[in-house]
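**Q** Sequence first, predicted coordinates after that:
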Amino acid sequence: MTDKPVTVYGIDLGTTYSCIACVDEFGKPTVVKNSEGENTTASVVQFEGQSRVVGREAKNVAQMYPDSVVEMVKRHMGEAGWRFGYQGVDYSPEEISSYILRKVVGDVEAQTGEKITDVVITCPAYFGVNEREATAKAGEIAGLNVRSVINEPTAAALAYGSLQDQDMVILVYDLGGGTFDITMIAIKQGAIEVIATGGNHYLGGRNWDEVIVSYLADQWKAATGSNDDPLDDAETLNDLFGRAEQAKRSLSTKEKTDVAVTHAGQREKVTLTREKFDELTRNLLEETIAHTQRMLEQAKAKGYSQFDRMLLVGGSTRMPQVMERLRKEFSVEPQIYDPDESVAKGAALFGQKLAIGEEIKVKLEGWGIENVEAASAELIKKAQQAFKRWTDSV
């Protein structure tokens, strides 16, 4: 037996983007880039005859080919009757998700030359039994040994907590591309306990994009005087979604941005200010606040009336409106920690901890101790020394 446990990769199987990470030789969680050199992979699948394209290329044509491109499939995990049909074949959410998993895993295998077998996959905290089983099944279809399916906010708290040396209560506000999670977590002596959770798996950054798309289309119609609706044209709609996402990102650092809208041979420049963007999407942001308040009431009923820190997770938390609104509502300074990568990193830490625990158990059994719980602290410490770099990190 070697002194290094098997590498268990952590996968954030996201609604709009997915990410994979592992614990490196120095005991630190590290995201592995995909074959395109990006830290995240678009969770979009395009069917082309007998082959499938996963990632950015599929995302870039999603609106143009709705009959052959499927996205946001995570919103349907656990729905027994949901299927995506292509050329007479129906595909379940688990099957489509397995293609995404094979893409992120395959890219790592191509880089390292090593076969990936064991993984921990994350899911929203409010996922029920059916959704969690479907997530695990997606991994199995992809040929993976799914060690565990853990909550996304728990994974984020693990990644964040690995940098801390004190007990605390954390509020994890997770606004991703397609889902919203709000969870209160207590970290006590390195252990993590979920106190209360809430959210909406139909609310995420994509909803903000949709609002911008509608606004751009309306502005184009007003400027041209045309009754033609850009939203009715698949090619224009596809272009608008790409421009809307870019505009949203630009407004995270700028007060205004210009967007070119071209449809039916007519091109118009639409100026979108951050103030207007915030106005148009205020109801979406307020919905996250409402979910947060309801979750806090649940936590209060369990004896937790306050929290020490608010952790922001998910790429959509980069929108300035989020930070500003949370400051105003809760009189705290939210902390943004690795919004796109913390969930995958936390899953990798959890996976490595599982692997280490199993290796320690094997080591103790090799010494004739079959009941690990009955082992003396001295023997357990001795077994841990074989894996010290990894136990120190997780």
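**A** Nice, I can see it.
**Q** in terms of contact, does V313 touch Q335 like I think?
**A** No. Look at V313 against Q335 with C-beta atoms under 8 Å: they stay out of range, at 10.1 Å. In short, each C-beta sits where N, CA and C put it, glycine included.
**Q** Who are the contact partners of A80?
**A** Going by C-beta atoms under 8 Å, 6 or more residues apart in numbering, A80 touches N130.
**Q** Against A138, how distant is it?
**A** Distance, A80 to A138, by C-beta to C-beta, to the nearest Å: 14 Å.
**Q** quick one, strands of the stretch 1-150 of the chain?
**A** 9-12, 17-23, 29-31, 41-42, 44-48, 51-54, 69-71, 84-86, 89-91, 118-123, 145-151 (DSSP state E, counting those that start in this stretch).
**Q** which of those is buried the deepest?
**A** Comparing the strands of the stretch 1-150 of the chain by mean neighbour count (mean count of other C-beta atoms under 10 Å), strand 9-12 ranks first with a mean of 29.
**Q** ok, back up a step: make a markdown table from the strands of the stretch 1-150 of the chain and add mean pLDDT and distance to G161 to it.
**A** Putting the strands of the stretch 1-150 of the chain into a markdown table (pLDDT from 0 to 100; distance: least, C-beta to C-beta, whole Å) gives the following:
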| stretch | mean pLDDT | distance to G161 |
| --- | --- | --- |
| strand 9-12 | 98 | 15 |
| strand 17-23 | 97 | 15 |
| strand 29-31 | 95 | 12 |
| strand 41-42 | 98 | 26 |
| strand 44-48 | 97 | 32 |
| strand 51-54 | 96 | 32 |
| strand 69-71 | 97 | 32 |
| strand 84-86 | 96 | 38 |
| strand 89-91 | 97 | 38 |
| strand 118-123 | 97 | 15 |
| strand 145-151 | 96 | 14 |
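**Q** right, and these - which one's nearest E268?
**A** Within the strands of the stretch 1-150 of the chain, the stretch nearest E268 is strand 69-71; the backing value is 27.4 Å (C-beta to C-beta).
**Q** Please enumerate residues in contact with the closest one?
**A** 16, 42-47, 58-59, 61-62, 84, 91, 96.
**Q** Starting from it, tell me which strands it pairs with and how they run.
**A** strand 44-48 (antiparallel) (DSSP bridges).
**Q** quick one on the thing from earlier: can you list the contacts of strand 69-71 in TSV and add distance to V146?
**A** Below are the contacts of strand 69-71 laid out as TSV (distance: C-beta to C-beta, whole Å):
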residue	distance to V146
T16	22
A42	22
S43	17
V44	22
V45	20
Q46	25
F47	25
A58	24
K59	25
V61	31
A62	27
F84	22
Y91	20
I96	17
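**Q** out of those residues, which one sits closest to E286?
**A** Out of the contacts of strand 69-71, the member with the shortest distance to E286 (by C-beta to C-beta) is T16, at 21.7 Å.
**Q** Count the neighbours of M295 for me.
**A** Per other C-beta atoms under 10 Å, the neighbour tally for M295 reads 23.
**Q** mind listing what it touches?
**A** Here M295 is in contact with 182-184, 196-198 (criterion: C-beta under 8 Å, 6+ apart).
**Q** ok, now D12?
**A** 18-21, 122, 152, 155, 341, 343-344, 347.
**Q** Mind doing that once more with 7 Å?
**A** Going by C-beta atoms under 7 Å, 6 or more residues apart in numbering, D12 touches 18-19, 122, 152, 343-344, 347.
**Q** With R309 instead?
**A** The contact partners of R309, by C-beta under 7 Å, 6+ apart, come to 168, 170, 335.
**Q** can you do 8 Å?
**A** If you count contacts by C-beta under 8 Å, 6+ apart, then R309 has 168-171, 332, 335 around it.
**Q** Over to L354?
**A** 8, 120, 147-148.
**Q** before we move on, what about V213?
**A** So V213 contacts 231, 237, 240-241, 244 (C-beta under 8 Å, 6+ apart).
**Q** In what element of secondary structure is it found?
**A** helix 205-224 (DSSP states H and E).
**Q** and the nearest residue to T15 once chain neighbours are set aside, what are its phi and psi?
**A** Nearest residue to T15, sequence neighbours excluded (C-beta to C-beta, 6 or more residues apart in numbering): G178, at 2.8 Å. Main-chain dihedrals, G178, degrees, to the nearest 10: phi -130, psi -10.
**Q** Assess the claim that G178 and R75 are in contact.
**A** Yes. With contact defined as C-beta under 8 Å, G178 reaches R75; the gap is 6.1 Å.
**Q** With secondary structure as extra columns, can I get the contacts of V213 in JSON lines?
**A** What follows is the contacts of V213, written out as JSON lines (DSSP: H, G, I helix; E, B strand; the rest coil):
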{"residue": "L231", "secondary structure": "helix"}
{"residue": "L237", "secondary structure": "helix"}
{"residue": "L240", "secondary structure": "helix"}
{"residue": "F241", "secondary structure": "helix"}
{"residue": "A244", "secondary structure": "helix"}
